[in-house]
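K.L.:
sequence unknown, structure follows:
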């Protein structure tokens, strides 16, 4: 099988879900952003709470406790699996079977975080992400969760105003999708490259060129001539 | 470069995903990559160590090692770039090529460009495209536009992770020192890295740094290469080229079969999704012949086999799992209890006290279980309906839940048909039909013992009545429901001819008992 970043799971209904799991670099940066947010919050609070003396100190310690243990859990549960750092990097936590992460999963993965941190500086977590197949740190392995890229809405569809040209050759779904994505991206390529790509298809579609393929692409996405 | 042989799934990815894609490539050929890594960096480390121990410039040894380490990056790049296009990861050839690669990458080895913030994405341009000078700058500009920021991002991430691992390894070492020696050996260990400036301390720091970099550097190179490849995939539509070439290849492979197939060839068929969108312009696509048997001959073996093979090759069908578990081995003879001679009276007393306490706790737990079971039993009327059991089997007491809510006897008049006819003549037809429907359902349940599912819809009622009463009655019930549904949901008011016979026939089927 070809190497791929996505992790495919089949549901009982026969639907193939493609989960693009996220690796070390984006996850580290997401962690960094969260760490900055947490430390900034605590710094501001400590200045403010100083006014209240010992009472303020007590409240401060309580807040430290809550932030340390529940920052990730609450954001993951209430914010579709994403802490602010993860959101900034377009990441999201979910269960390995593709379902949204729940209380038990989130709590477990964030409790085991304190094993990942060992021996300080996240050495265990870092090595675990590098070695595990789906880029899971120990907490993820324990809770059965993965971190994936949140799907982006793709602008897709009609490439340009080329009139649709019916496609008569027999084609598999993949092949039709290739032609459609050619239609979508032809405008981003330079002219020569687009012609070169189209020329590859000459054995399949006689007189294949850029304009004709664009027409096919428009036809495949359901455009029909006005007449 | 032969795109037909790519060994990866080509598709435009997001930039961060592209870095992970690089990590996958490293992972796949980790053995070859680490062989090359050690072959290149160990001599370099040796030189750095020599500097530590035999020259007065020990402090610069780490810098020396760090500065020339990208020689190994070039070798790693060569392996993964070749593997990308289906060539072997030939360790020997790669090692022979190291000097050439170093010369190609001279910009990043011998000039301040070594400090380039996005070196991992800039190196493929010099090494793989062999560009230098103005050509390289122009090319870099194109690529930088898209991925420079991400190149800097992974540099920042991985350099910091190297530092994190560096400290991590030191701390692991400290954690492994037994408590008894922490004061002596532990302090020596920590001083080695923080305070000491001896040659041994420098060498130790260098070794730990080398270990940390060994763990991470290949992944850094892979991430940069992934970004570079993804950028070119997007700019030059490699994924489309690969798909097109496969399309042509598939045709070439199936020409022979196509002749045989020609007899059966089904007409051009397009995406299932678009097939139904062609009503008006149907002429454009050939239509199936009148006597088309369906899908016979539609898929040839050649069409389907790759799909079958990929399905068979996927993890879903071919999973081997090693399950290990602990099993208790029962010894035939119970272990002979060694008489504990040293047990003093006090210990014996404590032991019996603990036994007593544990006995009490155990009893307490069993009592709690009993109480819980009792509570569950006593409240059965509350929860039994929720798990699908009726609390009583007498039909008169059975409750009816329709989709709209509960249906009870006091919602219905005594003489249903009279009330229905009144409402019908008064013109409130919907009320009349609603009453007729509800009355029939009620009668079916109370008089004929029909059991309805909770929140029964009209369709569910029809099915239940059809399954549990005779055909005449269920047919009549069906007519009532149809009239009601048409009026309620379809807004088609039935005529007198449709409703009045229902009213007159009603007493034959329902209402005897009441």
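P.N.:
Right, received. Where do you want to start? Source: prediction; values computed, not measured.
K.L.:
in the stretch 151-300 of chain B, what residue is nearest chain A?
P.N.:
When scored by CB to the nearest CB, the stretch 151-300 of chain B has residue B:168 as its residue closest to chain A, at 2.7 Å. For glycine as for every other residue, the C-beta is placed from the backbone atoms N, C-alpha and C.
K.L.:
what helix or strand is that residue located in?
P.N.:
Following DSSP states H and E, the helix or strand that holds residue B:168 is helix B:133-175.
K.L.:
and if you look at residue A:19?
P.N.:
Residue A:19 is located in strand A:16-20, with elements delineated by DSSP H and E.
K.L.:
phi first, then psi, for the closest residue to the residue of the stretch 151-300 of chain B closest to chain A other than its chain neighbours.
P.N.:
When the adjacent residues along the chain are set aside, residue B:168 lies closest to residue A:123, with 2.7 Å between them (CB to CB, 6 or more residues apart in numbering or on different chains). For residue A:123, the backbone dihedrals (degrees, to the nearest 10) come out as phi -60, psi -40.
K.L.:
ok, residue A:123 - how many residues close by?
P.N.:
For residue A:123, the count of nearby residues is 24 (other CB atoms under 10 Å in any protein chain shown).
K.L.:
just checking, it touches residue B:162?
P.N.:
No: with contact defined as CB atoms under 8 Å, residue A:123 does not count as touching residue B:162 (11.0 Å).
K.L.:
OK, contacts around residue B:216?
P.N.:
Contacts were defined as CB atoms under 8 Å, 6 or more residues apart in numbering or on different chains; by that measure residue B:216 touches A:126, A:130, B:158, B:161, B:162, B:165.
K.L.:
now do 7 Å
P.N.:
With contacts taken as CB atoms under 7 Å, 6 or more residues apart in numbering or on different chains, residue B:216 has the following neighbours: B:158, B:161, B:162, B:165.
K.L.:
kindly state the beta-bridge partners for residue A:18.
P.N.:
Listed by DSSP bridges, the beta-bridge partners for residue A:18 are residue A:8.
K.L.:
got phi/psi on residue A:163?
P.N.:
For residue A:163, the backbone dihedrals (degrees, to the nearest 10) come out as phi -60, psi 140.
K.L.:
one step back: around the residue of the stretch 151-300 of chain B closest to chain A, how many other residues sit close by?
P.N.:
Neighbours of residue B:168 using other CB under 10 Å come to 25.
K.L.:
follow-up on the earlier one: give me the mean pLDDT for the helix holding residue B:168.
P.N.:
Helix B:133-175 comes out with an average pLDDT of 87.
K.L.:
ok, and what's touching stretch A:5-13?
P.N.:
For stretch A:5-13, the external contacting residues (CB under 7 Å, 6+ apart) are A:16-21, A:97-98, A:134, B:13, B:17, B:20-21, B:24, B:316.
K.L.:
from the chain's centre, how far out does it sit?
P.N.:
The offset between the C-alpha centroid of stretch A:5-13 and the centroid of the whole chain comes to 15 Å, using CA atoms, centre = their mean, to the nearest Å.
K.L.:
the most centrally placed residue in chain A pairs with what?
P.N.:
Central residue of chain A (CA atoms, centre = their mean): residue A:149, 0.9 Å from the mean position. When bridges are called by DSSP bridges, residue A:149 pairs up with residue A:91.
K.L.:
pretty sure it is touching residue A:91, no?
P.N.:
Yes: the criterion here is CB atoms under 7 Å, and residue A:149 meets it with residue A:91 at 6.3 Å.
K.L.:
quick check: neighbours shared by those two?
P.N.:
residue A:22.
K.L.:
OK, contacts around the residue nearest to the centre of chain A?
P.N.:
Shown in contact with residue A:149 (CB under 7 Å, 6+ apart): A:20, A:22, A:90, A:91, B:14, B:16, B:17.
K.L.:
mind checking how far the residue nearest to residue B:168 is from residue B:483?
P.N.:
If you measure residue A:123 against residue B:483 using CB to CB, to the nearest Å, the figure is 75 Å.
K.L.:
again with residue B:219
P.N.:
Between residue B:219 and residue B:483 the distance is 72 Å, computed by CB to CB.
K.L.:
domains in chain A, as residue ranges please.
P.N.:
Recorded structural domains for chain A (assignment: automatic domain parsing) are A:6-149, A:154-227.
K.L.:
lowest mean pLDDT across these, which one is that?
P.N.:
Of all the domains of chain A, domain A:154-227 carries the lowest average pLDDT, namely a mean of 78.
K.L.:
and the residue in chain A that chain B sits nearest to, what does it touch?
P.N.:
Per CB to the nearest CB, the residue of chain A with the smallest distance to chain B is residue A:123, at 2.7 Å. With contacts defined as CB under 7 Å, 6+ apart, the neighbours of residue A:123 are B:164, B:165, B:168, B:169.
K.L.:
kindly reformat those as CSV containing distance to residue A:61.
P.N.:
CSV is the format used below for the contacts of residue A:123 (distance: CB to CB, whole Å):
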residue, distance to residue A:61
B:164, 27
B:165, 31
B:168, 28
B:169, 32
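K.L.:
before we move on, the earlier item: quick one: the helix holding residue B:168 to chain centroid distance?
P.N.:
28 Å.
K.L.:
tell me which residues in the helix or strand that that helix is followed by are buried?
P.N.:
Reading on from helix B:133-175 to the C-terminus, the next helix or strand found by DSSP H and E is helix B:187-194. Counting neighbours by 16 or more other CB atoms under 10 Å in any protein chain shown, one finds that the buried residues in helix B:187-194 are B:189, B:190, B:192, B:193.
K.L.:
from those residues, which is closest to residue B:3?
P.N.:
Of all these, residue B:3 sits closest to residue B:193, with 49.1 Å by CB to CB.
K.L.:
now the buried members of the contacts of stretch A:5-13.
P.N.:
Buried residues within the contacts of stretch A:5-13, defined by neighbour count using 16+ other CB under 10 Å: A:19, A:20, A:21, A:134, B:13, B:17, B:20, B:21, B:24.
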